[in-house]
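[1] Here you go, sequence then predicted model.
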Amino acid sequence: MEMIHRFSHRLSSISIVEKCFKNSINKQFVRNPNLGTRLNHEKSFKSRVSDLKPAFNRNLITIKTFSTSSSSSSSTARAGWFLGLGENKKPILPEIVKAGDPVLHEPSRDVPIDEIGSEKIQNIIDNMIKVMREAPGVGLAAPQIGIPLKIIVLEDTKEYISYAPKQETKEQDRHAFDLLVILNPKLKKKSGKTALFFEGCLSVDGFRAVVERHLEVEVTGLGRDGKPVKVEATGWQARILQHECDHLDGTIYVDKMVPRTFRTVENLDLPLPLGVPKLGVIRS
Ligand SMILES: [Zn+2]
């Protein structure tokens, strides 16, 4: 999930939004210069894969393992991930898969318990953490790097929170929390209380929409060491958990946003349309 800020570009010459997202935008162009047709992506991916065949074998990773469809654009992301596994090469982080790629719209699979300690799974987790931090974002699900497995990572820091207005983070009940890695998470709501806020997603870069989320949730699953974990979360952390768990069900926030609230980051502070409920906790 992208970090959420309600500062508008119109409010300052170099807005905080721009500062926060500038790097990722530039890097995106550097890392993914091929912005051409789908055919070009396919061609590019195939040639990269054939070059990397030894790396697949060495790491017991095959295309079949993570193939969910005939998609080629998610393949591009997977290629990026494979590239990072070559020996004597500087690791290259996977690309973040963007909306429209089938891997983001299909349910993910459980991580087999006996594979959690494997190099393959541990590498995926390490890469997810790096990608989330580099973006930067406060959460990431494995499908977002092209891998349809039930793994989420999330963290929120004092620094990230300091970029947003205090009043806003107070309303959102947003607090810093340490890195969480959860495999095969199961989420349940702990109360009927919900809240409406704008949220964003690294796979829907540059946009936001209002989403209604539960205010109190509990997530159980496994840590990267295979031991059971249980997280009881409220406020913004609960929102991040719901957002990331949705990814594992093949759902992105635009699938459940409040209609007519979808907008660019630049338009974030413009008034909501008539009939859209006010942001904040819903009091019934
Ligand atoms: Zn997301």
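    Nice, thanks for sending it over.
[2] drop to CA atoms for contacts and neighbour counts, all remaining ones
    Will do.
[3] for this structure, what are the low-confidence residue spans?
    Flagging of the chain using pLDDT under 70 yields the residue ranges 4-90, 284.
[4] residues from it in reach of the ion?
    Applying CA under 5 Å from the ion, we find that the chain lies next to the ion at 1, 201.
[5] hey, which strand is longest across the chain?
    When the chain is scanned for its longest strand (criterion: DSSP state E), the result is strand 177-189.
[6] other SSEs contacting that strand?
    strand 151-156, strand 216-222, helix 235-248 (3 or more CA pairs under 8 Å, 6 or more residues apart in numbering; DSSP states H and E).
[7] any chance of the ones you listed in CSV, plus mean neighbour count?
    Converted to CSV, the helices and strands packed on strand 177-189 look like this (neighbours: other CA atoms under 10 Å):
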stretch, mean neighbour count
strand 151-156, 24
strand 216-222, 20
helix 235-248, 25
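[8] how about the strands of the chain, start to end?
    So, for the chain - with DSSP E - the strands run 139-141, 151-156, 177-189, 194-199, 207-214, 216-222, 228-234, 263-264, 280-282.
[9] for those, which one ends up most surrounded?
    Scoring these by mean neighbour count under mean count of other CA atoms under 10 Å gives strand 139-141 as the most buried, with a mean of 30.
[10] if we can go back for a sec, quick check: neighbours of the longest strand of the chain in the sheet, parallel or antiparallel?
    strand 151-156 (antiparallel), strand 216-222 (antiparallel) (DSSP bridges).
[11] what does it rub up against?
    Residues outside strand 177-189 that contact it (CA atoms under 8 Å, 6 or more residues apart in numbering) are 110-111, 125, 150-157, 214, 216-224, 229, 242, 245.
[12] what's the angle from that strand to strand 228-234?
    With axes from the mean of the first three to the mean of the last three CA atoms, to 10 degrees as the basis, strand 177-189 and strand 228-234 are set at 90 degrees to each other.
[13] looking at the helices and strands packed on strand 177-189, which is closest to residue 3?
    Closest to residue 3 of the helices and strands packed on strand 177-189 is strand 151-156 (CA to CA; 8.8 Å).
[14] what sits up against that closest one?
    So strand 151-156 is contacted by 111, 125, 128-129, 132, 138-142, 175-185, 240-241, 244-245, 248 (CA under 8 Å, 6+ apart).
[15] one more time with 6 Å, if that's ok
    With contact meaning CA atoms under 6 Å, 6 or more residues apart in numbering, strand 151-156 is reached by 138-142, 176-183.
[16] Tell me which stretches of the stretch 51-200 of the chain form helices.
    Applying DSSP state H, counting those that start in this stretch to the stretch 51-200 of the chain gives helices spanning 53-58, 63-66, 73-83, 119-134, 158-162, 166-172.
[17] Just want the residue of the stretch 151-284 of the chain that's nearest the ion.
    Proximity of the stretch 151-284 of the chain to the ion (CA to the ion) peaks at residue 201, 3.8 Å away.
[18] from what I can see that residue touches residue 3, true?
    No: if you go by CA atoms under 6 Å, residue 201 and residue 3 don't touch, sitting 8.2 Å apart.
[19] Which one's more surrounded, these two?
    Each of residue 201 and residue 3 has its neighbours counted (other CA atoms under 10 Å); residue 201 has more, 26 against 22.
[20] measure the more buried one to residue 228 for me?
    27 Å (CA to CA, to the nearest Å).
[21] Residue 99 now?
    31 Å.
[22] Run a quick neighbour tally on the residue lying closest to residue 237 once chain neighbours are set aside.
    Excluding its sequence neighbours, the residue lying closest to residue 237 (CA to CA, 6 or more residues apart in numbering) is residue 174, at 6.8 Å. Applying other CA under 10 Å, we find 20 residues neighbouring residue 174.
[23] Touching, residue 174 and residue 238? I think so.
    No: judged on CA under 6 Å, residue 174 makes no contact with residue 238 at a distance of 9.5 Å.
[24] can the contacts of strand 151-156 go into JSON lines with extra columns for distance to residue 161?
    Below are those laid out as JSON lines (distance: CA to CA, whole Å):
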{"residue": "138", "distance to residue 161": "10"}
{"residue": "139", "distance to residue 161": "14"}
{"residue": "140", "distance to residue 161": "17"}
{"residue": "141", "distance to residue 161": "21"}
{"residue": "142", "distance to residue 161": "24"}
{"residue": "176", "distance to residue 161": "7"}
{"residue": "177", "distance to residue 161": "11"}
{"residue": "178", "distance to residue 161": "13"}
{"residue": "179", "distance to residue 161": "15"}
{"residue": "180", "distance to residue 161": "17"}
{"residue": "181", "distance to residue 161": "20"}
{"residue": "182", "distance to residue 161": "22"}
{"residue": "183", "distance to residue 161": "26"}
